[in-house]
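Chemist: Kindly return the folded structure for what I paste below:
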Amino acid sequence: MFKRLLIANRGEIAVRIIRACQELGIETVAVYSEADKNAMHVQLADLSYCIGPADATQSYLNMEAILTAAAATKAEAIHPGYGFLSENADFAEKVTDSGLVWVGPLAETIRQVGDKDVAREAMLAAGLPMTKGSKPLKNNEEAPTLAEEVGYPVIIKPVSGGGGKSMFVINNENELLNTLQIIDVTKVPFYFEHYIAQSRHIEVQIMADNYGNIIHLGERECSVQRRNQKILEESPSTALTKDMRERIGALAIKAAKSVHYTNVGTVEFLMDVKTGEFFFMEINPRIQVEHAITEAVTGVDLVRRQIRIAAGEPLNKDQNDIKIVGHAIECRINAEDPDNNFIPSPGMIDFYHEPGGPRVRVDSGVSAGLAVEPYYDSLIAKVVVHGRTRGDAIKIMQRALNEFRIDGVKTTTELHKRILADTCFCTGNIDTQFIKKRLPVYEQTPPKPKLKDTQKELANNLQKLEQYYI
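Modeler: Predicted coordinates for the structure are as follows:
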């Protein structure tokens with residue numbers, strides 16, 4: 001096992017990794033930008049190292065700065081968390097070339113699954129079910145023909161990247177032409193997939209060691225989304241029968257084996273609600289934001305497993321060892337204003353009280369007196385509950401959210417309360433259009449705020465930050 005591990009990340013995931021390392025007896029190194037000098041992950045780590053200014057491109061995305069920090073602190077391994085450089089094959093390669101251990105899949109695997117066009121080809125060859133798609137667009141002129149061949153409605157996606165970003169659903173050629181005014185396919189490659197309007201987003205957690213052993217840890221339901229961005233996740237899915245669960249699990253393992261996957265990852269599928277068919281979407285070669293709900297229902301610590309696998313340990317588990325017990329739900333608490341088009345709400349946290357009690361877990365990277373910085377992702381905490389049944393889990397989550405208090409910044413807590421109170425959600429009648437159909441106010445784009453109002457809010461946030469840093 002490693003003696004010292006560097007965490008190339010920040011926020012709640014950095015804190016989560018630190019805690020796993022503490023339980024394994026591993027010293028941790030936190031890297032931080034100048035804006036994060038007082039952050040919780042810096043305070044909890046054994047060692048810390050400044051890697052640059054607030055701008056992520058000069059700090060958390062600066063490969064050389066992170067490698068310099070690893071050398072200076074004599075770290076033996078690097079855990080990338082999620083986001084930032086976690087899916088950067090070049091960085092994974094640089095880490096291993098430096099003689100360090102990369103806590104994640106091989107660089108060539110990341111490269112293969114990161115390019116969606118290459119990944120689709122590999123999955124087709126492996127026999128996975130796939131929606132009809134196109135080759136990457138070379139120019140705007142060929143787009144109408146390719147979209148017509150795929151068949152409307154289509155979704156246009158970037159070839160690289162993930163997390164539901166920069167995706168657009170297009171129902172006809174007029175909408176396509178309007179979308180092409182927003183994106184530039186000559187600079188960022190995009191491709192088309194046929195869009196299944198009534199679908200559920202189901203993902204399967206996989207775990208693989210370096211010796212060819214691969215198992216899955218059940219599925220997560222991620223259908224509650226806003227503009228392709230996940231808001232709330234749960235496990236297991238109410239849509240799956242026992243046979244369907246076995247089928248999607250087998251497909252996930254088949255996908256992982258086809259790219260010689262190692263470590264922890266997620267295979268994502270769309271399920272056609274009308275037919276019950278599964279269609280491969282992508283493989284995420286990292287720990288997911290929503291990993292905690294899988295930990296809750298299986299009892300497997302995924303972050304500790306990541307580290308153990310990277311250190312060369314075998315799984316020592318087979319598929320029969322994995323049992324799904326109860327039901328878990330996760331709510332992502334973001335520093336955003338849901339009533340104002342979800343604009344980020346950076347600033348000082350004046351008061352912070354996490355919910356507690358039986359079967360409640362909170363993963364966060366903040367506390368009262370710390371600032372939510374405007375430079376990074378707005379996720380500040382995840383509330384995870386585990387109930388005996390889904391109905392039990394909903395009640396526990398409602399109780400937890402009512403107890404959660406964050407003052408000083410706006411959050412998405414009230415949105416989650418509305419979701420949990422919705423009758424369709426409570427009965428499991430959900431799909432990827434749930435927010436659009438049941439809570440449409442959160443899908444609409446409100447009028448842009450007046451400049452003076454924006455300036456006033458910005459001035460208030462800056463004043464709070466200045467008082468803190470003085």
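Chemist: hang on, residue 320 in a strand?
Modeler: No: read with DSSP: H, G, I helix; E, B strand; the rest coil, residue 320 is helix and lies in no strand.
Chemist: Look up the pLDDT of it for me, please.
Modeler: Listed pLDDT for residue 320 reads 95.
Chemist: Return the distance of it relative to residue 215.
Modeler: 9 Å (C-beta to C-beta, to the nearest Å). Placement of C-beta: from N, CA and C, glycine included.
Chemist: Which of those two has more residues huddled nearby?
Modeler: residue 215 (21 against 7; other C-beta atoms under 10 Å).
Chemist: ok now do that one, which residues does it touch?
Modeler: Residue 215 is in contact with 206, 207, 208, 253, 315, 317, 318, 319, 321, 322, counting by C-beta atoms under 8 Å, 6 or more residues apart in numbering.
Chemist: Tell me which helix or strand comes right after the helix or strand that it is a member of.
Modeler: Assigned by DSSP states H and E, residue 215 belongs to strand 214-226. The element immediately downstream of strand 214-226 (helix or strand, assigned by DSSP H and E) is strand 229-235.
Chemist: got the buried residues for stretch 400-416?
Modeler: 400, 401, 404, 406, 408, 409, 410, 411, 412, 413, 415, 416 (16 or more other C-beta atoms under 10 Å).
Chemist: Among these, which ones are in helices?
Modeler: Members of these lying in helices (criterion: DSSP state H): 400, 401, 413, 415, 416.
Chemist: Farthest pair within the residues you listed?
Modeler: Greatest spatial distance among these (C-beta to C-beta): 400 and 415, at 14.8 Å.
Chemist: I'd say residue 196 and residue 131 touch.
Modeler: Yes: using C-beta atoms under 8 Å, residue 196 is in contact with residue 131, at 6.7 Å.
Chemist: hmm, back to that, for the ones in helices among the buried residues of stretch 400-416, which one is nearest residue 140?
Modeler: Closest to residue 140 out of these is residue 415 (36.1 Å), distances taken as C-beta to C-beta.
Chemist: got the contact list for residue 231?
Modeler: Each residue near residue 231 by C-beta under 8 Å, 6+ apart is listed here: 224, 225, 331, 332, 412, 415, 416, 419, 435.
Chemist: Repeat that for residue 102.
Modeler: Taking C-beta under 8 Å, 6+ apart as the test, what residue 102 contacts is 77, 78, 80, 92, 95, 96, 310.
Chemist: how about those residues in JSON lines, adding neighbour count and secondary structure?
Modeler: Below are the contacts of residue 102 laid out as JSON lines (neighbours: other C-beta atoms under 10 Å; DSSP: H, G, I helix; E, B strand; the rest coil):
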{"residue": "77", "neighbour count": "23", "secondary structure": "strand"}
{"residue": "78", "neighbour count": "29", "secondary structure": "strand"}
{"residue": "80", "neighbour count": "26", "secondary structure": "coil"}
{"residue": "92", "neighbour count": "25", "secondary structure": "helix"}
{"residue": "95", "neighbour count": "26", "secondary structure": "helix"}
{"residue": "96", "neighbour count": "14", "secondary structure": "helix"}
{"residue": "310", "neighbour count": "24", "secondary structure": "helix"}
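Chemist: sorry, back to before: what do residue 196 and residue 131 both touch?
Modeler: Residues touching both residue 196 and residue 131 (C-beta under 8 Å, 6+ apart): 270, 279.
Chemist: Do I have it right that residue 252 meets residue 216?
Modeler: Yes: contact criterion C-beta under 8 Å: residue 252 and residue 216 qualify, at 5.1 Å.
Chemist: Quick one: the helices in the stretch 1-150 of the chain, in order.
Modeler: For the stretch 1-150 of the chain, the helices defined by DSSP state H, counting those that start in this stretch occupy 11-24, 40-44, 63-72, 89-97, 107-114, 116-126, 143-150.
Chemist: quick one: contacts of the last one?
Modeler: By C-beta under 8 Å, 6+ apart, the surrounding residues in contact with helix 143-150 are 132-135, 137, 154, 170, 173, 176-177, 180, 185, 192-194.
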